[in-house]
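> give me the fold of what follows.
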Amino acid sequence: MFIESWIATFKNKLWAYFLPMFVAGDAKSGKTYNYYGVYFSDVNQGKYQLANVINRNVILEKWHPEQHSYIEKINFRINDIESMNVEIIHWRKHGPLRFDSIVLFAVSYFTRFAYVKNLITRVKNRVFSPFSHHQEMKGLERIMLLHMLVNEYVQQSPEKTHSGVTTDEVIDLLYGTLWYQHIKNETFRRKIFLLLQSLTITEDLKLSEGKYYIQGKAISTIVSWEADERRNNQQLKTQQNINRLMLIITASTLMITLAILAQAGIVNLHHLWAYLSQLKPVRVLFKLL
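Purely as a prediction, here's the structure:
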């Protein structure tokens, strides 16, 4: 009981520390490449977004499906918001960072762990993506988008207000609510539009009244793609093992052949080794060793 009370107090202190920063750095600040969005949902799946904080009172805006907007402002205490589902999104130039608790955000904020991990992932993708086949990359992007939409549908994060998604909402998920101010905004729109159209043609998504809805076939598509990916990886490993085996067999055959020739007096191994050691590439290798 003491531990639970201490944890609750600790979380309340974190909220009190970060809430003013969230409010000052929200989308209204106009910082296209650095802003926050904080969203909540209650037990009845009511959706809220952070609007303001005054002393210990948190002002949330409630989503109204009829008006399709956050219009009603409701006061909560910090203790109350901790009992809700929360999603903290830090929109950055290269994509959003999402946290489902104030503790995870605080750890990442002070240690920069999530930010460094995101940087390493981007560098890795930048280095290795150019060496991948263009068609394979497009297929991977398509599956990754479908996987994201399935997860959004199943988990229904506090930021999400309905089960369907529009093209702009998908871009919001990937690039932030201020994506239209990004220098590549038209590139984002065209790319996502084509991917969504492709998923609609294969009946993984259904387009209705401007919104895309996940269909049951999407699960089969993801499972089939993952099975193909595992099979391809297994084939690649098998081919690599065969190449290693062939290399070992070739080296063994060469050594046996040299040994037989040496015993027959055809090849002098000492002279051969002296000659090979004088070759420039071999000398360089010896120096490195």
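
> N79 touches W15, doesn't it?
No - here N79 lies out of contact with W15, judged by CB atoms under 8 Å, at a distance of 9.1 Å. Where C-beta positions appear, they are placed from N, C-alpha and C, glycine not excepted.

> what are the contacting residues of stretch 108-116?
Contact with stretch 108-116 is made by F18, L97, F99, V107, as judged by CB atoms under 8 Å, 6 or more residues apart in numbering.

> start and end of it, how far apart?
End-to-end distance for stretch 108-116: 9 Å, by CA to CA, to the nearest Å.

> same question for that stretch, mean pLDDT?
Stretch 108-116 comes out with an average pLDDT of 86.

> list the buried residues of that stretch.
Of the residues in stretch 108-116, S108, Y109, A114 count as buried by neighbour count, 16 or more other CB atoms under 10 Å.

> closest to N55 among the contacts of stretch 108-116?
Nearest to N55 among the contacts of stretch 108-116 is F18, at 15.2 Å by CB to CB.

> just checking, N118 touches R98?
No - at 10.8 Å, N118 does not count as touching R98 under the criterion of CB under 8 Å.

> follow-up on the earlier one: may I see the contacts of stretch 108-116 organised as TSV, with distance to T257, neighbour count and secondary structure added?
Shown next, in TSV, are the contacts of stretch 108-116 (distance: CB to CB, whole Å; neighbours: other CB atoms under 10 Å; DSSP: H, G, I helix; E, B strand; the rest coil):
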residue	distance to T257	neighbour count	secondary structure
F18	72	18	helix
L97	60	16	strand
F99	63	19	strand
V107	62	15	helix
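
> so, low pLDDT: which residues of this structure?
Low-confidence regions of the chain, defined here as pLDDT under 70, cover residues 1, 122-139, 155-163, 173-185, 276-277, 279-289.

> tell me the domain ranges of it?
According to automatic domain parsing, the chain comprises the domains 1-131, 225-288.

> ok, which stretches of the stretch 51-200 of the chain are helices?
Counting by DSSP state H, counting those that start in this stretch, the stretch 51-200 of the chain has helices at residues 78-81, 102-111, 113-128, 134-155, 167-175, 185-201.

> residues near S252, how many?
10 (other CB atoms under 10 Å).
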